[in-house]
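In: Let's see this in three dimensions:
(chains A, B and C, ligands or ions: 1)
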Amino acid sequence: MSTMVSAPAGWEMVVGLEVHVQLRTRTKAFCNCSTEYGAAPNVNTCPVCLALPGALPVLNAHAVELATRAALALGCTVNPMSVFARKNYFYPDLPKGYQISQFDKPLAEHGRLKIGTNAEGTGITVGITRVHMEEDAGKSVHDRYAGATAIDLNRAGVPLIEIVSEPDMRSAEAAGAYLRTLKLILQYVGISDCDMEKGSLRVDANVSARRAGEVKLGTKTEVKNLNSFSNVERALALEFARQTELLERGGRVEQQTMLFDQARGVVRPSRTKEGSHDYRYFPEPDLPPLVLDAGFIERMQTSLPELPEARRSRFAGDYALGEYDVDVLTSSAELADYFEGVARQSGDAKAAANWTINGVLTALNASGDDIDAFRVRPADLAALITLVRDGVVGHSAAKQVFAEMVRTGDRPEQVAQREGLVRVDDDAALRGWIDEVLAEHPAEAQRYLAGEKKLQGVLVGFVMKKSKGSADAKKVNQLLASRAQG
Amino acid sequence: MAVTIDDVKHVARLARLGVTEERAGELVAELNGILGHMAALEKVDVEGVMAADGVGALGMPLRVDSGAPYPLRHPLDAFAPATRDGFILVPRLASHEDASEETE
Amino acid sequence: MSERRAARPPETSARGIAERVRDGDITAERAAREAFVRGDDARVGPDGLNALLWTDREATLDAARGHATESDFVDRGDLAGVPIAVKDNIATLTLPTSCGSRILEGYVSPFEATAVTRLRNAGATIVGKTNMDEFAMGSSTENSAFGPARNPRDRSRVPGGSSGGSAAVVAAGMVPIALGSETGGSVRQPAAFCGIVGVKPTYGRVSRYGLVAFASSLDQIGVFGATVDDAAIGLQTIAGRDVMDATSADVPVERYVEASGASLAGLVIGRPKEYFPDFLDARIREKCDRAFDAFRKLGAEVRDVSLPHTDLAIPVYYIVAPAEASSNLARFDGVRYGLRVPADGLAATYEATRSRGFGKEVTRRILLGTYVLSAGYYDAYYKKAQQVRTLIADDFREVFASGVHLLFTPTTPSPAFPLGAKADPYEMYMSDIFTATANLAGVPAMSQPIGAVDGLPIGGQLIAPHFDEARMFGAAYALEAALGAEALR
Ligand SMILES: [Zn+2]
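Out: Next up is the predicted model:
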């Protein structure tokens, strides 16, 4: 989406992002309720997440593992001791009247994320200030009943991490690149599905403007209600334009929260007054400090899969793939794993890349399926590539074999045999098809045999069609040519 | 650090406690009276002393990410003041209240 | 010890009731019925002591009848058929759990406190919920939304608080055991005022799951017993790690009843001078001296020690506890349960609900707690208090590391006071002067009767190192036996 907003020249945008990510756990952060999305209202609630009098939180071990792995994947130092705190405020979908979060002793700090490469070939890096764990609130539905707000607490207590970046981004596009890189890493490591539509990834942006060359940061505003990466970029451009126009006119940016209004394509101030919040953070007395020993952190580190950046450079090097192929094949860990399986077992990375991109991805796009549920396993696709290489199946027949494999999940040899798609190079059989084609197309046959050579391709095509692609096209050409001469 | 009437009104607002003007005046005296006794702490040297936050330095026991949800022996609508279609209902946020005052 | 076992325990003691039920002499239902009769005789209800808030006789008797058939295990448990009363801030499935507050009037918890489950699994019958200062904020049970409770020893006086109702039903002889809760002395102080035994275990010893939080880092369920033995049986039943409470400790639990008859030879009992200030009533000092003499006669050494930060306990306590309370009580917003006072819009509904639902003292403490946590004051009040709290805990650590096994002090600076005597909040707060330290340090402590002044009971307090309840009970059993009838004179 193009942003269509222009800001006055001579100003620099400074952006820091706060990203909330839902951890992929089965149960909530502090109770055994399910985290499933889309259940009927308040079905996934219990004494703990309803904040009934006397209920107490107990932290989910898997949430700690996922949060730690996320922090390590972002290059953070994981603190051996972190402390949960209460953030106190009233809201009807916040059952306890406080959110359990981490405040002055977060899970992890001091990470960095490479989001691209600049013109000189050096990496552009964004600092990660901190990664901390917290719980989600419930959902308030304001427009369902007249005069009432409806509260659904299914989401209350779902485990989140908040990833806070340094104000290191200098453009809306850089913010977009940061978010896409971050999402890819989190998906690679299996932290989260990062589905913004389901709210499992949410973004708030801090943005300020300063004169080009100025060192001091300008007053920032926080932009909220950003429901897609493209909207983040759009809202940043809008807010930057608003700030710079204000500054150009000699005005001052007020520190406040802005809301992005997608329908109207504007950012507008939230009615919440800055300073009206006093969250009265203090250490959560129901939870002792989270102590993570070196062995645990080490185990989480070694359990990390190869991260996208490393995988990209390895694919480019080991498999000699072009930039486009590398980008596509590393766009998800599962796809990259799939490709590598095919490449390894077929011994032909180029063919594996072509088949994965043009065959597998096309089929998945058509069906909407997940690669994990894809019927053609890497070993089967590798076997098909081998059949082609060995001349058992021709190129055009292979596409039909593949389509049939996608449909049935059968092995390629089976499909080729059953469907008569094994390459035929037997002279007698080929002559039979040629005779039939010449008989069925007397006009073309006559002109061809009379020397109109350019018709050869048409006739070969008829033969291939008749043989359902199994005929050895090279030999058909030879045989036809010898007829013409004969 | 004497508590003023504005302080009392401020914390009453933070705590969502309606306090009448009269009661607010009394509370200024009461809170100052109590906090006056807290002055004893000012003289204590706590240089380098750890705050006793987070009970139990041995770390926190965790639970596994599985198991049945904790049961409710009476359903939500047996104790919630107002429910409908499974939702809990509260009075609609009035116009001067802000729906965006949500989690960060 | 074998000699003690041979003697038939008193009929209305926990041990006596459980033995009779296990032997088939009486049914659990009969035991419950007898408790109700004793309660009626002592007038524990609203027209008398106002100690018992919620009961349901028929349902309770039904439940007790159910025990006989439910399982042999339950019928043979340590507490088979023993009637037990539970403070109104501990969640039970059948009776209301209202915390002595209008804001929870009529609320019946859809889950049960772990301590209550453990009592029932040992065969106990829960006979009622007891009166308390609203949300446990108070030292006299005068701050109950349902009217003050009275002291069975002298009905013009308070039973102490905040667990005054539980202390009163035990002192009145209705039940041998009752659950209370402690934040700054709310079991030990009423035990002292009513002339019974009250134990606050080590922080983390008993699960807080189902105890409605006042100040989470200080709260602990405690046990009242008519005697040391009743308290020991009660505590050993409910103690131990619970996966539902992350602050519950994974430390093995001894059978405290086995501390009965333990020798005190070689035991060093500290006498902290800060607990015997000049303003202490001379008659209370005398009773303590008599107890020290008894300990010496039993072979213990009494040693003068110092806990220098003791006088800071009340200031620290009245910052930390209200701060945590202001947050813990935020959930009472009229949204999901309890009182809702409808008003124009959500904010107005919050304020109407909370100002109508909470009493004066609760409101005062929420405001105080909100203030000390608010921007600009956190470091000066809350953080400072938590640092001084460390110094108070260090005092105990050091004295116990110096070879002292237990400490002995008066439980309160005065005996039970008349209703309405302490109008100034801070004067009331000073009732906890000798007890709040143990909550701040997390160490176990208990009060037991050591005599009487003007016919009013006086309590003596034992304090032990973390998780050393067994040794504490050993000394308590020995002192109880040594004082005999003197303990109430
Ligand atoms: Zn839950």
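In: The stretch 1-150 of chain A against the ion: which residues are in contact?
Out: A:31, A:33, A:46, A:48-49 (CB under 5 Å from the ion). From N, CA and C alone the C-beta is placed, and that goes for glycine too.
In: Buried ones from those, can you make that a ChimeraX selection?
Out: Per 16 or more other CB atoms under 10 Å in any protein chain shown, the buried members of the residues of the stretch 1-150 of chain A next to the ion correspond to this ChimeraX selection:
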select /A:31,33,46,48,49
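In: quick one: low-confidence parts of the chain?
Out: Reading this off chain A. Applying pLDDT under 70 to chain A flags the ranges A:1-5, A:272-276, A:485-486.
In: that's the other chain; I wanted chain B
Out: Across chain B, the ranges flagged by pLDDT under 70 are B:1, B:53-57, B:94-104.
In: ok, longest helix in it?
Out: The residue-count maximum for a helix in chain B (DSSP state H) belongs to helix B:21-37.
In: quick one: the next helix or strand after that one near the ion?
Out: Later in the chain than helix B:21-37, the nearest helix or strand by DSSP states H and E is helix B:76-79. No. Helix B:76-79 lies apart from the ion when judged by CB under 5 Å from the ion; the minimum separation is 11.8 Å.
In: Residue of chain A nearest chain C, please.
Out: Chain A approaches chain C most closely through A:Gly97 (2.4 Å), counting by CB to the nearest CB.
In: what's the closest non-adjacent residue to that residue?
Out: Spatially, and ignoring its direct neighbours in sequence, A:Gly97 is nearest to C:Ala330 (2.4 Å; CB to CB, 6 or more residues apart in numbering or on different chains).
In: In chain C, what residue comes closest to chain A?
Out: C:Ala330 (2.4 Å).
In: residues in contact with that residue?
Out: Applying CB atoms under 8 Å, 6 or more residues apart in numbering or on different chains to C:Ala330 gives the contacts A:88, A:90, A:96-98, B:15-16.
In: By neighbour count, which of those residues wins?
Out: B:Ala15 (28 neighbours; other CB atoms under 10 Å in any protein chain shown).
In: Checking the residue lying closest to that residue once chain neighbours are set aside next. Helix, strand or coil?
Out: When the adjacent residues along the chain are set aside, B:Ala15 lies closest to C:Thr370, with 4.6 Å between them (CB to CB, 6+ apart). What DSSP: H, G, I helix; E, B strand; the rest coil gives for C:Thr370 is helix.
In: and the nearest residue to C:Ala85 once chain neighbours are set aside, bridged to which residues?
Out: In space, and not counting its chain neighbours, C:Ala85 is closest to C:Ala178: 4.1 Å by CB to CB, 6+ apart. Beta bridges link C:Ala178 to C:Ala85, C:Phe224 when assigned by DSSP bridges.
In: What about C:Ala178, how many residues nearby?
Out: 35.
In: show me what contacts it?
Out: By CB under 8 Å, 6+ apart, the neighbours of C:Ala178 are C:84-87, C:130, C:163, C:166-167, C:169-170, C:223-224.
In: quick one: it from chain B, how far?
Out: Distance, C:Ala178 to chain B, by CB to the nearest CB, to the nearest Å: 23 Å.
In: residues from the stretch 1-150 of chain C in reach of chain A?
Out: Within the stretch 1-150 of chain C, the positions near chain A by CB under 8 Å from any CB of the partner chain are C:89-91, C:97, C:99, C:104, C:107, C:109-111, C:113.
In: what's the distance between stretch B:35-55 and the middle of its chain?
Out: Remark: stretch B:35-55 is offset 22 Å from the chain centroid, using CA atoms, centre = their mean, to the nearest Å.
In: Same check on stretch C:374-390?
Out: Chain-centre distance of stretch C:374-390: 27 Å, with CA atoms, centre = their mean.
In: Give me the distance between the two termini of it.
Out: Stretch C:374-390 has its terminal residues 22 Å apart, counting by CA to CA, to the nearest Å.
In: List the buried residues in it.
Out: For stretch C:374-390, burial by neighbour count (16+ other CB under 10 Å) applies to C:374, C:377-378, C:381-390.
In: need the residues you listed in a markdown table with pLDDT, can you?
Out: Shown next, in a markdown table, are the buried residues of stretch C:374-390 (pLDDT from 0 to 100):
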| residue | pLDDT |
| --- | --- |
| C:Ser374 | 93 |
| C:Tyr377 | 92 |
| C:Tyr378 | 93 |
| C:Tyr381 | 95 |
| C:Tyr382 | 95 |
| C:Lys383 | 94 |
| C:Lys384 | 95 |
| C:Ala385 | 96 |
| C:Gln386 | 95 |
| C:Gln387 | 96 |
| C:Val388 | 97 |
| C:Arg389 | 97 |
| C:Thr390 | 96 |
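In: what is the mean pLDDT for stretch C:99-112?
Out: Predicted confidence along stretch C:99-112 averages 97 (mean pLDDT).
In: What is the end-to-end distance of that stretch?
Out: Span of stretch C:99-112 from end to end, CA to CA: 15 Å.
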